[in-house]
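1. Got a predicted model here, sequence first, then my questions.
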Amino acid sequence: MQQGVQRLYEPLQPLIEAQRLGPVLWQLPANFHRDDERLANALDQLPAGRHTFEFRPSSWFCAEVLELLRWPASR
């Protein structure tokens, strides 16, 4: 995953350096069901900044996932 994140952020460097990058939206496919461990691992690899997630299956909408998303404060 780390290589994919690096590839995504490479062309965004001018925005990052100019402090003009807003939240990065991570849209997950409709068939991507809740996996707390996978989410935690992904969050650990994200660079500092604002991130937002679009979950579709209702299994994601629970207190445990919300706590994970309080990253990095929850770590």
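-> On my side now, so go ahead. Residues are numbered from 1 along each chain as shown.
2. how close does the residue lying closest to Pro57 once chain neighbours are set aside get to Glu64?
-> Of all residues not flanking Pro57 in the chain, His33 sits nearest, at 5.1 Å (Cβ to Cβ, 6 or more residues apart in numbering). To be clear about C-beta, it is placed using only N, CA and C from the backbone, and glycine gets the same treatment. His33 is 14 Å from Glu64, where distance means Cβ to Cβ, to the nearest Å.
3. May I have the helix ranked longest in the chain exported as PDB, CA atoms only?
-> Longest helix in the chain by number of residues (criterion: DSSP state H): helix 36-45. Coordinates of each C-alpha in helix 36-45 appear next as PDB, following Å, rounded to 0.1, in the frame of the first residue of the first chain:
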ATOM      1  CA  ASP A  36     -10.900  -3.000  11.400                       C
ATOM      2  CA  GLU A  37      -7.400  -4.500  11.200                       C
ATOM      3  CA  ARG A  38      -7.100  -3.500   7.500                       C
ATOM      4  CA  LEU A  39      -8.300   0.000   8.200                       C
ATOM      5  CA  ALA A  40      -5.900   0.400  11.100                       C
ATOM      6  CA  ASN A  41      -3.000  -0.700   9.000                       C
ATOM      7  CA  ALA A  42      -4.000   1.700   6.200                       C
ATOM      8  CA  LEU A  43      -4.300   4.600   8.600                       C
ATOM      9  CA  ASP A  44      -0.800   3.900  10.000                       C
ATOM     10  CA  GLN A  45       0.600   4.300   6.500                       C
END
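4. helices and strands around that helix, which ones?
-> When contacts are defined as 3 or more Cβ pairs under 8 Å, 6 or more residues apart in numbering; DSSP states H and E, helix 36-45 sits against helix 63-68.
5. Who are the packing partners of the helix it packs on?
-> helix 36-45.
6. Check whether the residue nearest to Pro57 really touches Arg56, as I assumed.
-> No - contact between His33 and Arg56 fails when scored by Cβ atoms under 8 Å: they sit 9.3 Å apart.
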